[in-house]
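Whatever this is, show me its structure:
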Amino acid sequence: MTAAVDAVASVLRHAADPRPVSVVARELAAAGVPVFPCLPGGKRPLTTHGFHDANTDLEQITAWWHKHPEANLAVPTGAASGVVVVDVDVHGPVDGYRAFERAHRTGLVSGWQLLVATPSAGMHAYYPATPDREQRSWQAARAGIDFRGDGGYIVVPPSTVSTAGTSAGYRVRRINSGATSVLDADRLREFLDRRPTSSGRSGREVERSADVSRLAAWVAGRGEGERNRGLFWAACRLAENNMPAPEALEVLAAAATEAGLGEREITATVRSAYCTVQPRPQTSSQVQGGLSPATDSWFSREATVRPSPPVRGLS
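As a prediction, the model looks like this:
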């Protein structure tokens, strides 16, 4: 069975109703969307091969949630589910809402299906996957934006995440009742994270680039029990060489993910390394969590789509 292009949006638009995660998992699977369980209160897959084990077999899904009734729910992004996601993140001085707003003004992120509030005060914007072209996942750490496409996955409503003793959920906040469109992820990445095209680098720059690549490859090869410590050590080395923290996060994130670390764990470890090597007083915005006034604006504003009809259970 193949997921229809709007299958995920059609199911999740009702995810604010008081239904168990396991029920939403079965509804997605029945619509042809493969799903898999993640740790209760977390985002790490419970399955042996992660999102590669995503399934539409209802017996398998029932067995997963019978064994782990509190498990969170995730779907692979890209062609497998028919949906890709722009992940807007807020951490420290990095505010992805500002970058998303800039991209919106240029027309690069219009046509979304759903806007979902995430537990970390960020946002997931859902788009139809391109049916004829693979779009790989990427991260633009300096902009606070990740793209979840082929080779990635997302945790979906009504899952919840627990941090420091508190629990918060993924909530559908806006539904686009107008026209949706596919996203050009390559153009968005170029807009958010323009890279120099000149190859005329000095010998020292080439040497530094090679050193960073070797460091990232070393992190990717760390096994369980040494992944976090290895990432912390590598981030400290980059901090000692005065690489800006957002660039270090971007360099190390893919490698640490390959080693098996989760997104928030990676961000926290790199930040901790930089605080250790380059301690500095917190600004008032960092003390308050660095939240942007735009945090709620995307969930309340009138965008370029028609207003959504009321949906029971949504606020």
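
care to break this protein down by domain?
7-193, 203-277 (automatic domain parsing).

Tell me where the protein has strands.
Applying DSSP state E to the chain gives strands spanning 36-38, 72-76, 83-88, 90-91, 94-95, 114-117, 123-128, 138-140, 145-148, 153-155, 160-163, 166-169, 171-175.

Dump those strands to a markdown table, plus mean pLDDT and distance to Arg44.
(Each C-beta comes from the backbone N, C-alpha and C, glycine too.) Converted to a markdown table, the strands of the chain look like this (pLDDT from 0 to 100; distance: least, Cβ to Cβ, whole Å):
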| stretch | mean pLDDT | distance to Arg44 |
| --- | --- | --- |
| strand 36-38 | 97 | 6 |
| strand 72-76 | 97 | 9 |
| strand 83-88 | 97 | 16 |
| strand 90-91 | 84 | 19 |
| strand 94-95 | 86 | 23 |
| strand 114-117 | 95 | 19 |
| strand 123-128 | 97 | 18 |
| strand 138-140 | 90 | 18 |
| strand 145-148 | 95 | 16 |
| strand 153-155 | 96 | 10 |
| strand 160-163 | 88 | 11 |
| strand 166-169 | 89 | 16 |
| strand 171-175 | 92 | 21 |
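
follow-up on the earlier one: can you tell me which of the domains of the chain is most buried?
domain 7-193 (a mean of 19; mean count of other Cβ atoms under 10 Å).

Just send the strands of the chain back as CSV, with distance to Leu46 too.
CSV is the format used below for the strands of the chain (distance: least, Cβ to Cβ, whole Å):
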stretch, distance to Leu46
strand 36-38, 5
strand 72-76, 9
strand 83-88, 21
strand 90-91, 25
strand 94-95, 30
strand 114-117, 21
strand 123-128, 21
strand 138-140, 24
strand 145-148, 19
strand 153-155, 12
strand 160-163, 15
strand 166-169, 18
strand 171-175, 23
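
now for the ones you listed, which one comes closest to Val23?
The closest of those to Val23 is strand 72-76. By Cβ to Cβ, the value is 9.9 Å.

Given that closest one, what are its sheet partners and their directions?
strand 36-38 (antiparallel), strand 153-155 (antiparallel) (DSSP bridges).

CA atoms only: put stretch 8-25 into CSV for me.
Listed next in CSV are the C-alpha coordinates belonging to stretch 8-25 (Å, rounded to 0.1, in the frame of the first residue of the first chain):
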residue,chain,number,x,y,z
VAL,A,8,-0.5,12.2,6.9
ALA,A,9,-2.2,15.6,6.9
SER,A,10,-5.7,14.0,6.7
VAL,A,11,-5.0,11.8,9.7
LEU,A,12,-3.1,14.3,11.9
ARG,A,13,-5.6,17.1,11.4
HIS,A,14,-7.7,15.2,13.9
ALA,A,15,-4.8,14.2,16.2
ALA,A,16,-5.8,16.8,18.8
ASP,A,17,-8.8,14.7,19.7
PRO,A,18,-8.4,12.8,22.9
ARG,A,19,-7.2,9.5,21.3
PRO,A,20,-4.3,7.3,22.3
VAL,A,21,-1.1,7.4,20.3
SER,A,22,-1.6,3.8,19.3
VAL,A,23,-5.0,4.6,17.6
VAL,A,24,-3.3,7.4,15.5
ALA,A,25,-0.6,4.9,14.6
